[in-house]
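**Q** Generate coordinates for the sequence data below:
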Amino acid sequence: MAAPSATPNPFFFVAATPMGARKMGVRAAPNEPVLSEILRKEQLLLLRAWKLPRWAQTSESLTIPTSDAMAMNDQLSTLLPRGVPLIEAMEVVATVVKPATKTRVDKIREQVTSGASFADACRRVGGFDEVTIAVYRAAERAGDLGGAAERLADSARRSLAISRKAITLLIYPVVVLAISVVVVLGMLSLVVPRIGDALSEAGVTLPWFSAIVFSVGGWCRGNIFWIILALLTTVVLGVAMRRQLLAVFLRAIRVLPAVANLQLAIESTRFFAVMAAMSKSGVPIAEALATTTPSIAHPKLREQLETMRRKLVEGGLLRTLLDEVTALPVATRRLLVAAERGGDLEEAFDSLAGDMAEEVDTRADRLLALLEPAIIVVMFAIIGALLLAIMIPLITLSGSAGSQL
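**A** Numbers count the residues shown, from 1 in each chain. Below is the predicted model of the structure:
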């Protein structure tokens with residue numbers, strides 16, 4: 001019999017907590033027994049599991065959550081400069097992260113105890129991106145792992161703030177959409193069929209639009225159980241696969257100018273924060289660009305940075321190549337050129353990361369200000385069209401009754 005594949009597959013699971021509550025989610029594991037063992041370490045008892053397509057894999061099951069990365073680097077930056085050995089510092093880290101991350105932290109500590117470098121241990125255990133590993137490796141060579149951890153903690157803190165801002169932007173439209181769906185479904189299932197039956201008995205000729213609405217209402221009344229079941233299933237899958245749905249949604253609305261500008265500001269913030277962390281750890285600019293650029297989602301910025309990295313390796317001057325990155329604002333490019341001439345590029349990266357974070361806040365607030373009236377208009381358009389389809393036959397019936405009198 002062939003050995004089971006070690007390649008992780010995404011599973012949608014239902015598990016029980018120690019208090020008897022149910023928890024659902026998505027985890028990656030080669031098979032169900034391994035999944036059960038992973039959940040057991042999180043103090044969860046696996047009840048049911050369903051294998052999902054590979055595209056449903058969540059980044060959370062592959063990488064360490066940003067909040068845990070921030071907590072880990074905060075502890076390392078506090079303990080290591082004070083002379084606490086790395087192994088003891090990792091014991092402290094294991095107490096401040098989530099259970100799923102604690103397993104990885106324990107494995108890293110075991111490998112460091114066996115003589116492996118911290119960067120190599122992180123790479124073998126997995127869950128860390130190439131940028132983080134490159135920073136750790138450069139910091140170990142420079143003997144400043146605590147300082148590198150502090151810079152990575154700041155970068156993670158900024159990324160977490162950006163993610164929370166994005167979630168805040170999406171909460172309002174999701175709530176309004178959910179209310180609209182409940183109101184429309186309630187009217188179609190309860191109100192519309194009764195009015196349709198009364199108008200049919202009165203022999204009123206319905207306009208085509210009203211006839212469609214009343215037909216849909218009758219179908220909803222006859223299939224209300226399956227509709228509710230489908231909505232609940234959609235909600236469960238939406239919660240479990242929220243990261244993939246969010247990524248698809250962001251790609252779909254990227255064409256809007258306000259969203260495109262906000263995405264560019266977010267990508268620039270992450271880029272400058274990571275470049276600041278890597279350059280302060282002694283990583284050469286070309287090597288830092290090679291590690292950072294592939295993680296940038298903005299196509300124009302990624303392409304121009306990759307071109308700049310290639311020309312820099314070929315012998316080009318950084319101050320000249322920076323002017324060719326037109327995806328960045330002119331003021332940003334001029335500041336980088338001046339910093340490169342003055343030999344203060346690391347501080348410029350750090351300063352730009354802070355400035356871009358403030359720009360993200362400003363653009364996010366503007367986008368939310370635009371979304372609020374737009375969503376209200378859409379909601380009233382949907383409900384108003386439904387009410388109009390109901391009112392037109394009623395007005396016609398009322399007019400006919402008045403003319404007969």
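**Q** what about residue 48, which SS state?
**A** strand (DSSP: H, G, I helix; E, B strand; the rest coil).
**Q** Oops, could you answer that again for residue 24 instead?
**A** strand.
**Q** So it is in contact with residue 13, correct?
**A** Yes. Using C-beta atoms under 8 Å as the test, residue 24 is close enough to residue 13 to be in contact (6.9 Å). Every C-beta, even on glycine, is put in place using the N, C-alpha and C of the backbone.
**Q** The two: which is more packed in?
**A** Neighbour tally, residue 24 and residue 13, criterion other C-beta atoms under 10 Å: the higher count belongs to residue 13, 23 against 14.
**Q** Can you report phi and psi for that one?
**A** phi -130, psi 160 (degrees, to the nearest 10).
**Q** That one bridge partners, please.
**A** residue 25, residue 49 (DSSP bridges).
**Q** My guess is it contacts residue 38. True?
**A** No. Judged on C-beta under 8 Å, residue 13 makes no contact with residue 38 at a distance of 9.6 Å.
**Q** and residue 112, what is it in contact with?
**A** 86-87, 90, 118, 121 (C-beta atoms under 8 Å, 6 or more residues apart in numbering).
**Q** So which of those are in helices?
**A** 86-87, 90, 118, 121 (DSSP state H).
**Q** Show me how to select, in PyMOL, the buried members of those.
**A** In PyMOL, this line selects whichever of these come out buried by 16 or more other C-beta atoms under 10 Å:
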select buried, resi 86+90+118+121
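**Q** Which of the ones in helices among the contacts of residue 112 sits closest to residue 135?
**A** Closest to residue 135 out of those is residue 118 (10.9 Å), distances taken as C-beta to C-beta.
**Q** before we move on, the earlier item: tell me, what's touching residue 13 and residue 38 both at once?
**A** Common neighbours of residue 13 and residue 38 (C-beta under 8 Å, 6+ apart) are residue 27.
**Q** Throw the contacts of residue 112 into TSV and include distance to residue 324 and pLDDT, thanks.
**A** TSV is the format used below for the contacts of residue 112 (distance: C-beta to C-beta, whole Å; pLDDT from 0 to 100):
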residue	distance to residue 324	pLDDT
86	42	92
87	47	91
90	43	92
118	37	92
121	39	90
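**Q** Can you report how many residues neighbour residue 373?
**A** There are 9 residues near residue 373, going by other C-beta under 10 Å.
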